[in-house]
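[1] sharing a sequence plus its predicted fold:
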Amino acid sequence: MLDPQIIQPEEATDTGGSQTLTFTLQESMPAAGLLRCRWEGMFLAPAIHVDVPMGRDIWIFLIRSPWFPLKPSVSKPLLSIAHDQSIANASINIDPTGGLTAAVSNTGTSFKKVSLVMSRRVGEFVSEEVIGEVGSGTGNLSWRPIMRSFDLCFAMSSSMSMGELAGVAQGLGAQFSSGFFGPGSIIADYILCDGPRTGYSLLLRGDLGLLHHEEDSTQASLAW
């Protein structure tokens with residue numbers, strides 16, 4: 001749990017003995033999440049931990065997608081790589097509708113292809129999305145953030161099984177293969193939704209063959 005804070009709920013008990021806890025929360029940020037194929041990843045969302053004496057603790061997660069338009073930005077608008085006499089460039093522009101466009105050029109013969117890649121980071125976990133590739137000459141590429149519509153509250157015990165976790169992930173849109181003893185691998189990296197809590201880097205990568213490449217990058221962000 002990141003930055004935990006102790007909050008005192010308002011308690012009420014009805015005539016039947018049922019207890020109600022009311023929590024007052026501060027304004028929260030949208031959730032972020034990344035799951036990789038082997039169920040490695042992280043979700044960032046406001047959560048309430050209820051310590052139940054002599055019983056299972058209760059976790060309440062508030063998963064909400066951005067409720068405002070996202071505005072992308074980049075630290076530098078031009079990416080450039082070179083090798084021998086070959087040069088590749090990507091000129092980045094902000095799409096007023098909330099995405100990015102790029103004019104990519106690849107001159108010379110050193111780069112077998114050049115790729116424009118969006119790298120996302122949630123916590124320590126990184127996922128790369130290939131926006132597009134240009135073999136030679138020029139090409140126009142575009143990228144838009146992944147937008148989903150969530151406003152959910154999940155309540156669960158602290159001892160969640162793998163099957164229960166898979167059910168939550170599937171309900172949020174993740175797809176995974178069938179395993180012999182439960183859920184299999186996630187089919188492609190799963191992004192909960194794009195937003196301000198995810199870290200972004202935009203990369204121009206030139207393929208030289210034999211796993212060698214040249215690369216230039218810029219930091220990107222999505223804010224409101």
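    Nice, I can see it. Numbering: from 1, shown residues only.

[2] any idea how far Thr218 is from Pro72?
    12 Å (CB to CB, to the nearest Å). For glycine as for every other residue, the C-beta is placed from the backbone atoms N, C-alpha and C.

[3] same deal with Ala166?
    Taking CB to CB, one finds Ala166 at 36 Å from Thr218.

[4] likewise for Glu10?
    Applying CB to CB to Glu10 and Thr218 gives a distance of 48 Å.

[5] what about the two, which has more around it?
    More crowded of Glu10 and Thr218, by other CB atoms under 10 Å: Thr218, with 18 against 9.

[6] what helices and strands are in contact with the host helix or strand of the more buried one?
    In the assignment (DSSP states H and E), Thr218 maps to strand 212-223. Helices and strands touching strand 212-223, by 3 or more CB pairs under 8 Å, 6 or more residues apart in numbering; DSSP states H and E, are strand 71-74, strand 78-83, strand 199-209.

[7] kindly compare burial across those and name the winner.
    A comparison of those by mean neighbour count, using mean count of other CB atoms under 10 Å, puts strand 199-209 on top with a mean of 19.

[8] and Val50, how many neighbours?
    Neighbour count of Val50, defined by other CB under 10 Å: 15.

[9] just list whatever residues bridge to it.
    For Val50, the beta-bridge partners are Ile58 (DSSP bridges).

[10] so who does it touch?
    By CB atoms under 8 Å, 6 or more residues apart in numbering, the contact list for Val50 reads 21, 57-60.

[11] what's the burial count for the nearest residue to Leu34 once chain neighbours are set aside?
    Nearest non-adjacent residue to Leu34, counting by CB to CB, 6 or more residues apart in numbering: Val122, 4.1 Å away. When counting by other CB under 10 Å, one arrives at 20 neighbours for Val122.

[12] who does Val122 bridge with?
    Taking DSSP bridges, one finds Phe125 as the beta-bridge partners of Val122.

[13] for Arg144, which of the helices and strands packed on strand 212-223 is the nearest?
    Taking CB to CB, strand 71-74 is the member of these nearest to Arg144, at 9.1 Å.

[14] do me a favour and average the pLDDT over the closest one.
    Mean pLDDT, computed over strand 71-74, is 96.

[15] got the CA coordinates for it in CSV?
    Written as CSV, here are the backbone C-alpha positions of strand 71-74 (Å, rounded to 0.1, in the frame of the first residue of the first chain):
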residue,chain,number,x,y,z
LYS,A,71,-4.3,16.2,-22.8
PRO,A,72,-1.0,14.6,-24.1
SER,A,73,2.3,16.4,-24.1
VAL,A,74,5.9,15.5,-25.0
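
[16] would you mark the buried spots in the helix or strand where Leu116 lies?
    Following DSSP H and E, the helix or strand that holds Leu116 is strand 113-122. For strand 113-122, the neighbour count (16 or more other CB atoms under 10 Å) marks 114-118, 120, 122 as buried.

[17] angle of it against strand 199-209?
    150 degrees (axes from the mean of the first three to the mean of the last three CA atoms, to 10 degrees).

[18] which residues sit against stretch 31-43?
    44-46, 61-65, 120, 122-125, 127, 150, 162, 165, 169, 172, 174, 183, 185-193, 195, 197-198.
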